[in-house]
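Asker: sequence below, structure please.
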Amino acid sequence: MPDPIQSAPVPIDTTQEEPMTIQEWLNHLLSRPAADPIDWETYRVTMGDSTWKRLCREIDVMQAYDDGLEAGLRLLQAAQHHRERLGGRGYQADQILLYRSVLSMLDKAERWEAYLAAWETIRTHTTHCLPLRGKALLEDGARLAPFVRRADGGFGILPLPYGAAPPTTIDVHFLHTELRRKTLIEKRMARAQAGTLVSDRRPVERDALTGEEIQARLGQIQESAG
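Answerer: So this is what the prediction gives:
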């Protein structure tokens, strides 16, 4: 019996007699030239919660991480293109989701050098924040402090003096949620370089984007964001 989550049709184009399956939808996203922004209707439905979850599951089942990476980069480009339609909150929410998706695809593909380079680029060139209770500074201040937004719009605060009361809430760069994963990847890469990693890493597909190409694509997206 087919998996209903995987095989349920997706109505990208209501004029079609037969809606697309989730695999056909992924193929649709990747069929146009990379420089051609995804149209609003395709973007809107793709980023809807139901379709997004099914799309991510399809990528995981097929281990199609290179396709997932390409889709994430194209959707990031589309988010810039449709920024006015999305509004401030929608734009930020989609950007955070898509940047995390790009990192997740590189992580699952075990492309750790590319992951770390992309992580640093995203950290340097984005300012999206998530709110946290200020008492987090008492629990994990050393780790969080570089990611906390200051009143002047920059990032990085001094540790709280002993006995000082923390603010009620703080705005923290969204990548703080990826810190533990980043640290683990750095350790795995160090073991791989030292020849002490227990298992072999996944081979990089022949047609996969190179690390330089990924950085160039992220740079173009961030440049278009101003």
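Asker: isn't W52 right up against Y43?
Answerer: No - in this structure W52 lies outside contact range of Y43 using Cβ atoms under 8 Å: 11.2 Å. (Glycine included, C-beta is placed from N, CA and C.)
Asker: if you count surrounding residues, which of these two has more?
Answerer: Set side by side, W52 and Y43 show more neighbours around Y43, with 22 against 17, by other Cβ atoms under 10 Å.
Asker: any low-confidence regions in the chain?
Answerer: 1-17, 198, 225-226 (pLDDT under 70).
Asker: show me how the record splits it into domains.
Answerer: Following automatic domain parsing, one finds the domains of the chain at 1-111+211-226, 127-200.
Asker: ok, which stretches of this structure are strands?
Answerer: With strands called from DSSP state E, the chain shows them at 129-133, 169-173.
Asker: adjacent strands (with direction) for the first one?
Answerer: The strands beside strand 129-133 in its sheet (DSSP bridges) come out as strand 169-173 (antiparallel).
Asker: distance from the chain centre to the strand it pairs with, please.
Answerer: Relative to its chain's centre, strand 169-173 lies at 19 Å (Cα atoms, centre = their mean, to the nearest Å).
Asker: what of stretch 192-199?
Answerer: Stretch 192-199 sits 27 Å away from the centroid of its parent chain (Cα atoms, centre = their mean).
Asker: how about that stretch: buried residues?
Answerer: Neighbour counts over stretch 192-199 (16 or more other Cβ atoms under 10 Å) mark A192 as buried.
Asker: start to end distance for that stretch?
Answerer: End-to-end distance for stretch 192-199: 9 Å, by Cα to Cα, to the nearest Å.
Asker: mind listing the helices for this structure?
Answerer: Under the criterion DSSP state H, the chain contains helices at 4-7, 22-31, 40-46, 49-62, 65-81, 83-108, 112-125, 136-144, 179-194, 211-224.
Asker: now those as TSV including distance to P167?
Answerer: Listed next are those as TSV, based on distance: least, Cβ to Cβ, whole Å:
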stretch	distance to P167
helix 4-7	42
helix 22-31	42
helix 40-46	37
helix 49-62	32
helix 65-81	31
helix 83-108	21
helix 112-125	23
helix 136-144	8
helix 179-194	21
helix 211-224	29
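Asker: using PDB, write out every CA atom in stretch 44-57.
Answerer: The C-alpha trace of stretch 44-57 is given here as PDB (Å, rounded to 0.1, in the frame of the first residue of the first chain):
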ATOM      1  CA  ARG A  44       3.300  29.700  -1.400                       C
ATOM      2  CA  VAL A  45       2.000  26.200  -1.600                       C
ATOM      3  CA  THR A  46       5.500  24.600  -1.300                       C
ATOM      4  CA  MET A  47       6.100  26.500   1.900                       C
ATOM      5  CA  GLY A  48       2.800  25.600   3.400                       C
ATOM      6  CA  ASP A  49       3.200  23.300   6.400                       C
ATOM      7  CA  SER A  50       1.600  20.200   4.900                       C
ATOM      8  CA  THR A  51       3.500  20.300   1.600                       C
ATOM      9  CA  TRP A  52       6.800  21.300   3.300                       C
ATOM     10  CA  LYS A  53       6.700  18.300   5.700                       C
ATOM     11  CA  ARG A  54       5.900  15.900   2.900                       C
ATOM     12  CA  LEU A  55       8.600  17.300   0.700                       C
ATOM     13  CA  CYS A  56      11.200  17.000   3.500                       C
ATOM     14  CA  ARG A  57      10.100  13.400   4.100                       C
END
